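**Q** fold the following for me, if possible:
(3 chains)
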Amino acid sequence: MIHPTALVSSSAKIDEGVEIGPYSIIHEYVWIKKNTRVGAYCELGLPTPLANEAQLEIGENSVIRSHSVIYAGSKIGAGLQTGHHVCVRENSEIAEGVQLGSRTDIQGDCCIGAHTKLHADVHVGKHSKIGAFVWLFPEVLLTNDPMPPSEGLVGPVIEDYCVVASKVLVFPGVKIANNAVVGACSVVKSDIPEWKLATGNPAKPACDVRILRMPGNPKEKAYPWRNRFHRGYPEEIVQGWIEQAQTTGESK
Amino acid sequence: MIHPTALVSSSAKIDEGVEIGPYSIIHEYVWIKKNTRVGAYCELGLPTPLANEAQLEIGENSVIRSHSVIYAGSKIGAGLQTGHHVCVRENSEIAEGVQLGSRTDIQGDCCIGAHTKLHADVHVGKHSKIGAFVWLFPEVLLTNDPMPPSEGLVGPVIEDYCVVASKVLVFPGVKIANNAVVGACSVVKSDIPEWKLATGNPAKPACDVRILRMPGNPKEKAYPWRNRFHRGYPEEIVQGWIEQAQTTGESK
Amino acid sequence: MIHPTALVSSSAKIDEGVEIGPYSIIHEYVWIKKNTRVGAYCELGLPTPLANEAQLEIGENSVIRSHSVIYAGSKIGAGLQTGHHVCVRENSEIAEGVQLGSRTDIQGDCCIGAHTKLHADVHVGKHSKIGAFVWLFPEVLLTNDPMPPSEGLVGPVIEDYCVVASKVLVFPGVKIANNAVVGACSVVKSDIPEWKLATGNPAKPACDVRILRMPGNPKEKAYPWRNRFHRGYPEEIVQGWIEQAQTTGESK
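**A** Next up is the predicted model:
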């Protein structure tokens, strides 16, 4: 399951069922858990002085696609899915079920909650905190320097179930609260309250997302999206969403 | 012509005159037609459940630059030119003479017409339809989800001879009609009629592109660009443009 | 120090102390100066008809990270630092101490002055001129075609000590003068005078940057940033800045 051209450190820990593609490099202090598949030309556990001898841990049943680079010193949960040419720097905590689209860049010291999905070309600046079940669409950029260049980096905070559409820029230290939705190309300069739709430059809260309906179906509420979109989530989580919707009386 | 370090499936079909660079991987169900050159670290015909055993066909005289990834199940015409780190997903139809700049991402189930040129970092969402002789400049993003996240993806339609300048975002399902020009950083939320210049957020049709003149030369019409810009197009096509301009009385 | 899987042309000049990572390719006409480290899967000196037999020169003590591509015909000073998946085209002059973030693309025929730092995903169009001690933040895009597509490419000019924040687009031929600061997501359509803060679309000069103060510290001037931010610059340069500030009476 390990391609003969792969270069795997003898001190790396490779669990059973792991596949490692041609020409990939696994450095020491890496632990790849069972049934994970690593594509071609990946480099995992790249050492850095910022994560001295710290282990890179990659959860079971993950898929890391070709040409991706993951540094030492991060802890990644089960079921990670990456696209191609992804880069994850050191000292990040990435929970289970996370998806990182092609060319996504996690710049280090970040937290990403469970089942959060980042599309292609998302750029997550150092010290960002992203909750669970978040969606970041292509070319979303989380910045962290309030007066560039400076030493006082403060990452944005994006809470659970938020949806941030394509090409949005989020200012340093800004908080987008639970269940908020940010429209495409917006520039988020100040905090967005929970359940708000925010759009524009600067992004202003416009309405409660729960009044939005699906295109072509005015009876179906668009948000919270968890009441209508379930593809790719574990069954027990979906079941919890369904029960919660029934309890709270949120209709589909 | 096939580098000894390249890994080429015995069931791939490699025509005469094909070059395959060091460390590249050619999977089964790939047909590379004659005189095509594949750079280093490319992976062609990557299998996916979304294109089960479907062939990847790459036309003759193509150039695929290093670190590029093309999935199984697409059909690409002659004379493809890619930059580096390009990604093309499954089930797309790409006509002859297409150019894909570095890091361009074709996300699958797309159509791209003949001699269309995508610059670097163009992101083409699933189900996009792009005509012939189109120009998409750097960081153009074609989106497809009208109420994210949802299952109802609808790609934009960009018709022949359109020019879409840098950093433009196009909304799902929007149509940019023949010969339209969209200014840099615009956000195209609704259809743009043919021959219109559109700019802004949201992009509004401003004027007919045929009234625009070249900078520093008020006698030379800027559009249709095919009357003044011919580099890189086949001679017989250019000849056709010249004759058409004479017939219709469009002056240079 | 040269990994056995690296493919190094016998006519390349590799100085002492150079490290070349696994699977990297060094073409002929390349000169890598002493103590430079090249990561895995890099391709240096890629030939192109646009730089026929012209040498690629890479200064000493440089670090070129994995999956990067640098064409023939550029001259790069000492202490280059690249991220991953970087692309540098032919015939560029890059001075000492330059930093190019991951996926940054220098499209050719560019000049970049000493100690200039480009973050991730910066796109520098052909014929751009960037001064010394400049900062370009993620997804800055320097364009060069005033009436696309055309043959009359004119790159922007960005002078010394400028700061251009994330997602800014700069129009062809525009000059951003010494010490100017451009706010995030701005679209720079006309020249910005020196020492000005400019923001918006189109970017308009708002105030002198020297009236800005650091967040949370109203006594500390934010600009010129060289009076407060020194990390990563050579000691003698920092000393010069300190002395200059004392001479001119610019207080911290």
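
**Q** ranges for the helices of the stretch 101-250 of chain A?
**A** Under the criterion DSSP state H, counting those that start in this stretch, the stretch 101-250 of chain A contains helices at A:235-248.

**Q** near chain C, which residues of it? Just list them.
**A** With Cβ under 8 Å from any Cβ of the partner chain as the criterion, the stretch 101-250 of chain A comes near chain C at residues A:103, A:105, A:107, A:121, A:123, A:125, A:139, A:141, A:143, A:145-152, A:167, A:169, A:171, A:187, A:201. (C-beta placed from N, C-alpha, C; glycine too.)

**Q** so how far is stretch A:157-177 off the chain centroid?
**A** Remark: stretch A:157-177 is offset 12 Å from the chain centroid, using Cα atoms, centre = their mean, to the nearest Å.

**Q** ok, stretch A:188-204 next?
**A** 20 Å.

**Q** start to end distance for that stretch?
**A** Start-to-end span of stretch A:188-204 (Cα to Cα, to the nearest Å) is 8 Å.

**Q** show residues contacting that stretch.
**A** The contact list for stretch A:188-204 (Cβ atoms under 8 Å, 6 or more residues apart in numbering or on different chains) reads A:156, A:159, A:168-171, A:174-183, A:185-187, A:205-210, A:212, C:185.

**Q** hmm, which of those are the buried ones?
**A** Among the contacts of stretch A:188-204, the ones that count as buried by 16 or more other Cβ atoms under 10 Å in any protein chain shown are A:156, A:159, A:168-171, A:174-183, A:185-187, A:205, A:209, C:185.

**Q** from A:Ile176, how far off is the closest residue to A:Gly131 other than its chain neighbours?
**A** Setting aside the residues directly before and after it, A:Gly131 is nearest to A:Asp160 in space (Cβ to Cβ, 6 or more residues apart in numbering or on different chains), at 4.0 Å. From A:Asp160 across to A:Ile176, the span is 10 Å (Cβ to Cβ, to the nearest Å).

**Q** give me the subset of the buried ones among the contacts of stretch A:188-204 touching chain B.
**A** Among those, proximity to chain B is found for A:Cys185 (Cβ under 8 Å from any Cβ).

**Q** next step: the buried ones among the contacts of stretch A:188-204 restricted to strands.
**A** Per DSSP state E, strands hold the following members of the buried ones among the contacts of stretch A:188-204: A:Leu169, A:Val170, A:Lys175, A:Ile176, A:Val181, A:Val182, A:Val187, A:Pro205.

**Q** which one of those is nearest to B:His84?
**A** Taking Cβ to Cβ as the measure, B:His84 lies nearest A:Leu169 of those, at 26.1 Å.

**Q** what pairs with the closest one across the strands?
**A** A:Leu141, A:Val187 (DSSP bridges).

**Q** check contacts around it.
**A** A:Leu169 touches A:Val140, A:Leu141, A:Thr143, A:Ser186, A:Val187, A:Val188, C:Ser166, C:Lys167, C:Ala184, C:Cys185, counting by Cβ under 8 Å, 6+ apart.

**Q** now with 7 Å?
**A** Counting by Cβ atoms under 7 Å, 6 or more residues apart in numbering or on different chains, A:Leu169 makes contact with A:Leu141, A:Thr143, A:Val187, C:Ser166, C:Lys167, C:Ala184, C:Cys185.

**Q** state the distance from it to C:Gly183.
**A** Distance, A:Leu169 to C:Gly183, by Cβ to Cβ: 11 Å.

**Q** low-confidence regions, chain A specifically.
**A** A:250-252 (pLDDT under 70).

**Q** try 90
**A** The model of chain A has pLDDT under 90 over residues A:51-53, A:216, A:248-252.

**Q** how is it partitioned into domains?
**A** Under the assignment automatic domain parsing, the domains of chain A span A:7-216, A:217-252.

**Q** before we move on, back to that, need the max-distance pair from the ones in strands among the buried ones among the contacts of stretch A:188-204.
**A** Longest span within these, Cβ to Cβ: A:Leu169 and A:Pro205, 17.0 Å.

**Q** ok, A:Ser74 touching A:Glu90?
**A** Yes. At 6.2 Å, A:Ser74 counts as touching A:Glu90 under the criterion of Cβ atoms under 7 Å.

**Q** which parts of chain A sit against chain B?
**A** Proximity of chain A to chain B, by Cβ under 7 Å from any Cβ of the partner chain, involves residues A:22-23, A:40-41, A:66-67, A:84-85, A:102-103, A:120-121, A:135, A:137-139, A:163, A:165-167, A:184-185, A:214-215, A:222, A:225, A:229, A:231.

**Q** buried among the residues you listed? Need that as a selection in PyMOL.
**A** Selection of the buried residues among those in PyMOL, burial being defined by 16+ other Cβ under 10 Å:
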select buried, chain A and resi 22+23+40+41+66+67+84+85+102+103+120+121+135+137+138+139+163+165+166+167+184+185+214+222+225+229
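
**Q** in strands, which of the residues of chain A next to chain B appear?
**A** Residues of the residues of chain A next to chain B located in strands (DSSP E): A:Trp135, A:Val163, A:Met214.

**Q** so who does the nearest residue to A:Gly79 once chain neighbours are set aside touch?
**A** Excluding its sequence neighbours, the residue lying closest to A:Gly79 (Cβ to Cβ, 6+ apart) is A:Gly97, at 4.6 Å. By Cβ under 7 Å, 6+ apart, A:Gly97 lies in contact with A:Gly79, A:Ala114, A:His115.

**Q** sec struct for A:Gly97, please.
**A** coil (DSSP: H, G, I helix; E, B strand; the rest coil).

**Q** is A:Ile58 in contact with A:Lys75, as I believe?
**A** No. Using Cβ under 7 Å, A:Ile58 is not in contact with A:Lys75, being 8.8 Å away.

**Q** among the domains of chain A, pick out the one with the most neighbours on average.
**A** Highest mean neighbour count among these (mean count of other Cβ atoms under 10 Å in any protein chain shown): domain A:7-216, with a mean of 22.

**Q** how about the nearest residue to A:Glu220, chain neighbours excluded?
**A** Per Cβ to Cβ, 6+ apart, closest to A:Glu220 is A:Met214, 4.2 Å.

**Q** ok, the closest residue to A:Val209 other than its chain neighbours - contacts?
**A** Once flanking residues are discounted, A:Val209 sits nearest to A:Tyr223: 3.9 Å by Cβ to Cβ, 6+ apart. Residues in contact with A:Tyr223 (Cβ under 7 Å, 6+ apart) are A:Val181, A:Val209, A:Arg210, A:Leu212.

**Q** please repeat the previous calculation with a cut-off of 8 Å.
**A** A:Tyr223 makes contact with A:Val163, A:Asn179, A:Val181, A:Val209, A:Arg210, A:Leu212, according to Cβ under 8 Å, 6+ apart.

**Q** likewise A:Ala95?
**A** If you count contacts by Cβ under 8 Å, 6+ apart, A:Ala95 has them with A:Gly77, A:Ile112, A:Gly113, A:Ala114, A:His115, A:Thr116, A:Ala132.

**Q** from what I can see the third one touches A:Gly131, true?
**A** The reference is to A:Gly113. Yes. If you go by Cβ atoms under 8 Å, A:Gly113 and A:Gly131 touch, sitting 4.4 Å apart.
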